[in-house]
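Trainee: have a look; sequence and predicted model below, questions after that.
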Protein chains: 2
Amino acid sequence: MEFDLIDLIRARCAVTRADVHLGIGDDAAILAPPPGHDLVVSTDTLVAGVHFPPGTDAHDLGWKALAVNLSDLAAMGATPAWALLALTLPEASRTFVEAFADGFAELAAQHRVALVGGDTTCGPLTITVVVHGFVPPGQALRRDGATVGDLVFVTGTLGDAAGGLRCLDPRDARAAQLFEAPGDTREALLARLQRPTPRVAAGSALRGLASAGIDVSDGLVADLGHIAARSGVGIELDAASLPASSALLALFDDAERLALQAAGGDDYELAFTASAARERDILRDLARLGGGATRIGRVVTGSGVRLLDATGTVIPLRRRGWEHFA
Amino acid sequence: MEFDLIDLIRARCAVTRADVHLGIGDDAAILAPPPGHDLVVSTDTLVAGVHFPPGTDAHDLGWKALAVNLSDLAAMGATPAWALLALTLPEASRTFVEAFADGFAELAAQHRVALVGGDTTCGPLTITVVVHGFVPPGQALRRDGATVGDLVFVTGTLGDAAGGLRCLDPRDARAAQLFEAPGDTREALLARLQRPTPRVAAGSALRGLASAGIDVSDGLVADLGHIAARSGVGIELDAASLPASSALLALFDDAERLALQAAGGDDYELAFTASAARERDILRDLARLGGGATRIGRVVTGSGVRLLDATGTVIPLRRRGWEHFA
């Protein structure tokens, strides 16, 4: 081995936590979960050419690989603590690994996440991250808690990352046009795609307030479909209420924008339900955290997710969201 | 999606544990670590064409993907509890996934391991498993506890899996000859390669007895090198004492056998150090568990691992073990 990839990564991810008794460098990590808390664990894989375009900047990739996982913890209302990184690389490129580790470490430091283990292997570029967080017993936000009459909310804005991806797609006739977009509108969308912000503080704030929650990774309609299915309810969304960034408004017409917002995916915002009595507290608390939240619909009897126009007519969607193995 | 891969896997991995509050099916699992224990966490990735030959039986692969991870817990003396599975597949093959999940579940059931989460993605066949186990506080077997004067031991027999791999290698002139091997000798070696047994009970039994431990995955000399480096000591091994199965003895001459035992890898036995005062208890306890253990060397001042012949002369090794990115 020309150099030790693991040492390279470890040196860059130096978050110290008292609950890590032994980190990288043995057969396993030895950790001390806080007494009286639930442990929340999630994993997400990113595959080159599937979840990100070949040639994606390594620093962005390191950030995003952790971000999409922290987003799952945020959706549970958990406070992040520990991560593991399984990195499969076609070749032992020091430059790539250093940049990747820097991106990973930058986000990890923001959330005091310690990298406690992992594996580096040779093969097609694939990144699996595992994250652990804590939540007071019974307070995790689940998908199965929505009840008829609840309202539906989403943090931040929708469709930006999918809009950014459109700007990069060489097969898209609009891409060249988007490349010429004025000012920083295009860059704003690309930043959402390449360096998403996991809504960790929002997730924690929603403990005890939201009835169900999920992060928007596959697309709003598809992801809310999981809450509907697990909770045994239907969900109606008001198309006009879906929040959009100024960049998305500037670059796409109404129909394109709605498709990106409803089914684009990669938003990493939190979609959640709550009783109407909680609305004021929720909107106030999340506005204080900076990103804010918007009421976008309601929980109804039935099943599935319907997107409605201003007259209450269902808007057909060509695509509900990201289809795995589609 | 033609069918739900995750449901297929979940249905086959139905180990129920009271400490799993929410398993597969939400953004994350919600788990309750036992009070007053350390949590031990490890991950290992298997890549097609790197860690296993293309065309490896899916049932074996499911078993092995979990086995190599449980072996890491065994090396820490931890009792397994929970696993996550990140499975990247070139296509959504129901046949493959069912067989893979059956192999995984068969071993998981033996150790009461609950599959609590994971991710299925499309891409080149890559399997990352994460395992969690428990150990009483401060009792985990680490790599850094060996001291000069300690003895060195290994469980079971060495070199079988590497011998099995030789039997499969189409570039190996011996493979055809090995294919003709009498009786079940060849099958015995292939079983060690394809369905290794993690030494979980042995690892637990060594808590409080061994001073340092590691599992033999990359090869005995390479893996003991990690104990030597982390403990700041040297290790001398007596070549003649390395344990060999009757199948290995039947199929390979002395020089070939020694190379397989010392550097073959994929053994998933436990190599460990302990004070001479513990030898009798260790050999008795591990014999009772079935696999047994053998004294193979000693911890000395200095650094590195040396393999000695009967006269005490160093035997040069062409290869110390599996080289990542070599």
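Mentor: That came in fine, so what should we check first?
Trainee: show me where pLDDT drops low in chain A?
Mentor: A:1-3, A:179, A:182-183, A:320-326 (pLDDT under 70).
Trainee: buried ones in stretch A:269-289, by neighbour count?
Mentor: Neighbour counts over stretch A:269-289 (16 or more other Cβ atoms under 10 Å in any protein chain shown) mark A:269-274, A:278, A:282, A:285-286 as buried. For every residue, glycine as well, the C-beta is placed using N, CA and C.
Trainee: quick check, nearest of those residues to chain B?
Mentor: A:Leu270 (9.7 Å; Cβ to the nearest Cβ).
Trainee: go ahead and confirm that closest one touches A:Ile214.
Mentor: Yes: contact criterion Cβ atoms under 8 Å: A:Leu270 and A:Ile214 qualify, at 7.4 Å.
Trainee: overlap of the contact sets of the two?
Mentor: Taking Cβ atoms under 8 Å, 6 or more residues apart in numbering or on different chains as the criterion, A:Leu270 and A:Ile214 both touch A:Ala75.
Trainee: could you identify the most distant pair in the buried residues of stretch A:269-289?
Mentor: Spanning the widest gap among the buried residues of stretch A:269-289 are A:Glu269 and A:Arg278, at 18.3 Å by Cβ to Cβ.
Trainee: quick check: next helix or strand after the host helix or strand of A:Gly163?
Mentor: Using DSSP states H and E, A:Gly163 falls within helix A:160-168. Next along the chain after helix A:160-168, taking DSSP H and E as the criterion, comes helix A:173-179.
Trainee: residues of that next one that come out buried?
Mentor: For helix A:173-179, by 16+ other Cβ under 10 Å, it's A:Leu178.
Trainee: likewise stretch A:131-146?
Mentor: Of the residues in stretch A:131-146, A:131-135, A:139-146 count as buried by neighbour count, 16+ other Cβ under 10 Å.
Trainee: would you list the phi and psi of the closest residue to chain B within the stretch 101-250 of chain A?
Mentor: For the stretch 101-250 of chain A and chain B, the shortest gap (Cβ to the nearest Cβ) falls at A:Gly123, measuring 3.5 Å. Main-chain torsions, A:Gly123, degrees, to the nearest 10: phi 170, psi -170.
Trainee: from A:Ala310, how far off is it?
Mentor: 51 Å (Cβ to Cβ, to the nearest Å).
Trainee: and A:Arg295, what does it touch?
Mentor: A:Arg295 touches A:151-153, A:241, A:279, A:283, counting by Cβ under 8 Å, 6+ apart.
Trainee: biggest helix in chain A by residues?
Mentor: helix A:58-76 (DSSP state H).
Trainee: sticking with A:Leu39, tell me its helix or strand.
Mentor: Using DSSP H and E, A:Leu39 sits in strand A:38-47.
Trainee: that strand near chain B anywhere?
Mentor: Yes: contact of strand A:38-47 with chain B (Cβ under 8 Å from any Cβ of the partner chain) involves A:38-47.
Trainee: for those residues, give me a markdown table that also has neighbour count.
Mentor: Rendered in a markdown table, the data for the residues of strand A:38-47 next to chain B read as follows (neighbours: other Cβ atoms under 10 Å in any protein chain shown):
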| residue | neighbour count |
| --- | --- |
| A:Asp38 | 23 |
| A:Leu39 | 25 |
| A:Val40 | 30 |
| A:Val41 | 24 |
| A:Ser42 | 28 |
| A:Thr43 | 24 |
| A:Asp44 | 25 |
| A:Thr45 | 25 |
| A:Leu46 | 22 |
| A:Val47 | 19 |
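Trainee: circling back: the contacts of A:Arg295 in strands, which ones?
Mentor: Residues of the contacts of A:Arg295 located in strands (DSSP state E): A:151-153.
Trainee: a markdown table please, covering these and showing neighbour count.
Mentor: Shown next, in a markdown table, are the ones in strands among the contacts of A:Arg295 (neighbours: other Cβ under 10 Å):
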| residue | neighbour count |
| --- | --- |
| A:Leu151 | 20 |
| A:Val152 | 26 |
| A:Phe153 | 26 |
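Trainee: so the residue lying closest to A:His37 once chain neighbours are set aside bridges to which residues?
Mentor: Nearest residue to A:His37, sequence neighbours excluded (Cβ to Cβ, 6 or more residues apart in numbering or on different chains): A:Phe134, at 4.3 Å. Beta bridges link A:Phe134 to A:Leu39, A:Thr79, judged by DSSP bridges.
Trainee: do a quick rundown of the helices in chain A.
Mentor: Using DSSP H, helices in chain A cover A:5-12, A:58-76, A:94-110, A:160-168, A:173-179, A:185-194, A:200-205, A:220-231, A:246-251, A:254-263, A:279-288.
Trainee: which of those helices is buried the deepest?
Mentor: Mean neighbours per residue, mean count of other Cβ atoms under 10 Å in any protein chain shown, is largest over the helices of chain A for helix A:58-76, with a mean of 27.
Trainee: my read: A:Gly118 touches A:Ile9, true?
Mentor: Yes: counting by Cβ under 8 Å, A:Gly118 touches A:Ile9, with 7.4 Å between them.
Trainee: who touches both of the two?
Mentor: Taking Cβ under 8 Å, 6+ apart as the contact rule, A:Gly118 and A:Ile9 both touch A:24, A:85, A:87.
Trainee: neighbour-wise, which of those leads?
Mentor: Among the shared contacts of A:Gly118 and A:Ile9, A:Leu85 has the most neighbours (other Cβ atoms under 10 Å in any protein chain shown), with 27 neighbours.
Trainee: how about the contacts made by it?
Mentor: Contacts here follow Cβ under 8 Å, 6+ apart; on that basis A:Leu85 touches A:9, A:65, A:104, A:115, A:117-118, A:127-129.
Trainee: same check on A:Leu66?
Mentor: When contacts are counted by Cβ under 8 Å, 6+ apart, A:Leu66 touches A:83, A:104, A:107-108, A:113, A:129, A:131.
Trainee: what's the closest of those residues to A:Gly163?
Mentor: Ranked by distance to A:Gly163 (Cβ to Cβ), the contacts of A:Leu66 are led by A:Leu107 at 22.1 Å.
Trainee: what's that closest one in contact with, if anything?
Mentor: A:62-63, A:66-67, A:70, A:113, A:198 are the contacts of A:Leu107 under Cβ under 8 Å, 6+ apart.
Trainee: quick check: the residue sitting nearest the centre point of chain A vs chain B, distance?
Mentor: Chain A has A:Tyr268 as the residue nearest its centroid, 2.7 Å off, counting by Cα atoms, centre = their mean. Distance of A:Tyr268 to chain B, computed by Cβ to the nearest Cβ, to the nearest Å: 11 Å.
Trainee: A:Ala228 is in contact with A:Ile235, isn't it?
Mentor: Yes: taking Cβ under 8 Å as the definition, A:Ala228 is a contact partner of A:Ile235 at 4.9 Å.
Trainee: and for these two, which residues touch both?
Mentor: Contacts common to A:Ala228 and A:Ile235, judged by Cβ under 8 Å, 6+ apart, are A:146, A:304-305.
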